[in-house]
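What follows is a predicted structure for the sequence shown.
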Amino acid sequence: MSSTRPRILIVDDEVAHMRALCDTLDAHDYETTGLVSGEAALTLLGAEKFELMLTDLMMPGIDGIALVQAARQIDPDLSCIIMTGEGSIASAVQAMRIGALDYIVKPFKVSALQPILARALEARLLRIENAKLERQLREHAAELDVMNRELKLAKHQAEAANQAKSVFLSNMSHELRTPLNAILGFGQVLTSETLPSTPQEKKKFAWHIVAAGRHLLTLINEILDLAKVEAGAMSLSLETVALSDIFLECRAMIEPLAQKRGIGLTFPDALGRHVVADRTRLKQVLVNLLSNAIKYNREHGSVTLECPPTGSGRVRICVRDTGAGLDASQLEAIFQSFNRLGREGSNEEGTGLGLVLSKRLAEAMHADIGVSSEVGVGSVFWVEFALCEAVQARAEKPLPPPPAAPLALLPRARARPALLYVEDNPMNLHLVEELIRLRADLDLDLLAAMDGHAGIELARLHHPRVILMDINLPGMDGFETLRMLRSDPNTADIPVIAVTASAMPSDIRRGLAAGFFDYLTKPIDIARFTKAIDGALACGADRHRA
């Protein structure tokens, strides 16, 4: 039967004193147990719980000091009181140093012992409460530390997400403005009454508008598709699809491009192989991989579509090319948005979103996608699906590919004062060439450079009246190119106008602070462009007279 009275263990080798103390304390509402040795006390403490222990100091075997020390190791909450005779107070104080709460000198009266027992019980409860509070504080501190780490991680993730969003928006703005520059620029030329052009030239300008519009449409479609996939809003119709039908349709779509580039195509026999996929999106992924393999191949190279089984109920569709291959840093960035892996300055049209979208579409169809590459040998892009039982596959009429855009050749031979345009996009070069040519009052030849290094060399050689500078150039960007021009006394006085699709407010502020004479954003506004050119020419003339 349990008791709510405080339990006291009394240890004293004087049996008569121990029994008398037990009887007295039992009468004062304590529950007592009496023992005559320290060894017996430790054994009982290992089995039962007590609030208080009164122990004699001088006992044979385990004395009071050793007993208090050992008992506190068994039960740290046990309150211990030493009973001592004359001449042993120093030893009692020593016992208190190792854990006893108090001592009382024999002989004593119950009236003197009761306050000591009450204080000991209060001290025990206070110690237990303090230990509980300390434990709660440690737990709260640990929880707070976890919360702080989670908040720190969430903050870093939010900052990274915001940074990624800003980079994506900036890149998207740049990519959208590039085709818009050609559309609006050539459109303004066609509608201008002050820039006359022949019917043949008008036809060429209109064709540039169509080509740029087609590129813009592709870019917008890919951005919308990517946004839908990222938001989980793209509706996919997963079904059993025959690979042989898909391969025939893909070949029909990309064969004209391969023939135009002189690239050999090899497709496998995939009869009897079926996968679970969205038919349209599977074609979209494969056509993207195949067209990339053709566009970035070497002259008279080859593209091979392979379909080896993996032996695990899956099939891997591989697109192997004989292009330049990718190094380790390019492989790390291969599935980043708007990253064309250093090919931004090539004549190949691209959005930098095709591989990112292909990866998201493959994952949405529960497929894996990857790439392996060797520099100088070529690359292998692959998607891997689960095989399934054959069923009748739907047929879908392939769409003809859009015609490729012809490119004019720049620059013309210089016979007059020059204007230098440093730009890696051929369409933008075409537009500015026509704007300069149609302004007979300028009497300027146009020099063109595809990167910053070539631009610096042309500037040093010909000392043009004005330099137009793109910012996003391959290798050395427009800011570094401007800095090098300013550091050379031969080119430091030439006005340099930024003409770029980097049109965020922060981009404009940075450009003007860097020392550009003016900062024009794409699409080019012809009136604004004309005013900037005239202002730069006037400024250059004033500097020359000075």
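Good, I have the coordinates.

where do the strands sit along the stretch 101-250 of the chain?
Remark: strands assigned in the stretch 101-250 of the chain by DSSP state E, counting those that start in this stretch are 102-105, 238-242.

Could you dump those into a markdown table and include mean neighbour count and mean pLDDT?
Placement of C-beta: from N, CA and C, glycine included. Formatted as a markdown table, those follow (neighbours: other CB atoms under 10 Å; pLDDT from 0 to 100):
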| stretch | mean neighbour count | mean pLDDT |
| --- | --- | --- |
| strand 102-105 | 17 | 85 |
| strand 238-242 | 18 | 88 |
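
want to throw those into TSV with distance to residue 145?
As requested, the strands of the stretch 101-250 of the chain are exported to TSV (distance: least, CB to CB, whole Å):
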stretch	distance to residue 145
strand 102-105	39
strand 238-242	45
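
Out of those, which gets nearest to residue 252?
Nearest to residue 252, of all the strands of the stretch 101-250 of the chain, is strand 238-242, at 15.3 Å by CB to CB.

Tell me if I'm right that residue 262 and residue 299 touch.
Yes. At 6.6 Å, residue 262 and residue 299 qualify as touching, with contact defined as CB atoms under 8 Å.

Looking only at neighbour counts, state which of these two leads.
residue 262 (11 against 7; other CB atoms under 10 Å).

Just give the nearest non-adjacent residue to the more buried one, would you?
Spatially, and ignoring its direct neighbours in sequence, residue 262 is nearest to residue 300 (5.0 Å; CB to CB, 6 or more residues apart in numbering).

Just read off the phi/psi values of that neighbour.
Here is the backbone geometry of residue 300 (degrees, to the nearest 10): phi 60, psi 30.

Could you pull up the contacting residues of it?
262, 263, 264 (CB atoms under 8 Å, 6 or more residues apart in numbering).

Phi first, then psi, for the second one.
Think residue 263. phi -100, psi 130.

before we move on, what about the last one?
According to degrees, to the nearest 10, the main-chain angles of residue 264 amount to phi -80, psi 140.

Distance check, it against residue 319.
Separation of residue 264 from residue 319 (CB to CB, to the nearest Å): 14 Å.

what's the helix or strand that contains residue 453 packed up against?
Here residue 453 sits within helix 452-462, counting by DSSP states H and E. If you count contacts as 3 or more CB pairs under 8 Å, 6 or more residues apart in numbering; DSSP states H and E, helix 452-462 packs onto strand 418-422, strand 445-449, strand 466-469, helix 478-487.

residues in contact with the nearest residue to residue 439 once chain neighbours are set aside?
Residue nearest to residue 439 in three dimensions, not counting chain neighbours: residue 195, with 7.1 Å by CB to CB, 6+ apart. By CB under 8 Å, 6+ apart, the residues touching residue 195 are 189, 435, 438, 439, 526.

If you count contacts, what does the longest helix seen in the chain end up packed against?
Taking DSSP state H as the criterion, the chain has its longest helix at helix 110-191. Packing partners of helix 110-191 (3+ CB pairs under 8 Å, 6+ apart): helix 15-27, strand 52-56, strand 79-84, strand 102-105, helix 199-230, helix 426-437, helix 526-545.

if you set the cut-off to 6 Å instead, what comes out?
strand 79-84, helix 199-230, helix 426-437 (3 or more CB pairs under 6 Å, 6 or more residues apart in numbering; DSSP states H and E).

Quickly compare these and say which is most buried.
Per-stretch averages of neighbours, counted by mean count of other CB atoms under 10 Å, single out strand 79-84 among the helices and strands packed on helix 110-191, with a mean of 25.

could you say what helices and strands it packs with?
Partner elements for strand 79-84 (3+ CB pairs under 6 Å, 6+ apart): strand 52-56, helix 89-97, strand 102-105, helix 110-191.

which outside residues touch that strand?
52-54, 56-57, 64, 68, 92, 95, 100-104, 106, 120, 124 (CB atoms under 6 Å, 6 or more residues apart in numbering).

Parallel or antiparallel, which strands does it pair with?
strand 52-56 (parallel), strand 102-105 (parallel) (DSSP bridges).

tell me how far it is from the chain's mean position?
Chain-centre distance of strand 79-84: 66 Å, with CA atoms, centre = their mean, to the nearest Å.

ditto for stretch 366-373
The answer for stretch 366-373 is 20 Å, by CA atoms, centre = their mean.

what comes up buried for it?
367, 369, 370, 371, 373 (16 or more other CB atoms under 10 Å).

for stretch 252-265, same thing?
253, 254, 255, 257, 258, 261, 263, 265.

From these, which land in helices?
Those of the buried residues of stretch 252-265 lying in helices (DSSP H): 253, 254, 255, 257, 258, 261.

Most widely separated two among these?
Among those, 253 and 261 lie farthest apart (CB to CB), at 14.6 Å.

mean pLDDT lowest for which of the helices and strands packed on strand 79-84?
Of all the helices and strands packed on strand 79-84, helix 89-97 carries the lowest average pLDDT, namely a mean of 75.

That helix packs against which elements?
Using 3+ CB pairs under 6 Å, 6+ apart: helix 89-97 touches helix 64-74, strand 79-84.

Which one of these lies nearest to residue 34?
strand 79-84 (12.5 Å).

between the closest one and helix 89-97, how many degrees?
170 degrees (axes from the mean of the first three to the mean of the last three CA atoms, to 10 degrees).

the inter-axis angle of strand 79-84 versus helix 15-27?
Inter-element angle recorded for strand 79-84 and helix 15-27: 140 degrees (by the same axes, to 10 degrees).

Let's see strand 79-84 as PDB, backbone CA atoms only.
Below are the C-alpha coordinates for strand 79-84, written out as PDB (Å, rounded to 0.1, in the frame of the first residue of the first chain):
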ATOM      1  CA  SER A  79      18.700  14.500   0.700                       C
ATOM      2  CA  CYS A  80      21.300  13.300   3.200                       C
ATOM      3  CA  ILE A  81      21.800  14.500   6.800                       C
ATOM      4  CA  ILE A  82      24.800  13.500   9.000                       C
ATOM      5  CA  MET A  83      24.400  12.600  12.700                       C
ATOM      6  CA  THR A  84      27.600  13.000  14.600                       C
END
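
related to what we said a few turns ago, please state the mean pLDDT value computed over the helix holding residue 453.
Rounded mean pLDDT across helix 452-462 is 94.

Can you give me the buried ones in that helix?
452, 453, 454, 455, 456, 458, 459.

Reformat those into CSV and put distance to residue 467 next to each item.
CSV is the format used below for the buried residues of helix 452-462 (distance: CB to CB, whole Å):
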residue, distance to residue 467
452, 11
453, 14
454, 12
455, 7
456, 10
458, 9
459, 6
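
Just give me the closest of these to residue 478.
residue 452 (7.0 Å).

all helices of the stretch 301-450 of the chain, in order?
Along the stretch 301-450 of the chain, counting by DSSP state H, counting those that start in this stretch, helices occupy 328-332, 354-364, 426-437.

looking at those helices, which is closest to residue 473?
Once the helices of the stretch 301-450 of the chain are compared by CB to CB, helix 426-437 is nearest, at 11.8 Å.

How far off centre is that closest one?
38 Å.

Then stretch 443-451?
With CA atoms, centre = their mean, you get 40 Å for stretch 443-451.

what's next to that stretch, contact-wise?
Identification of contacts with stretch 443-451 by CB under 6 Å, 6+ apart yields 345, 410-411, 414, 416-422, 424, 429, 433, 436, 455, 458, 473-475.

Give me the buried subset of the contacts of strand 79-84.
52-54, 56-57, 64, 68, 92, 95, 100-104, 120, 124.

On the pLDDT front, check the residue nearest to residue 439 for me.
Reported pLDDT for residue 195: 82.
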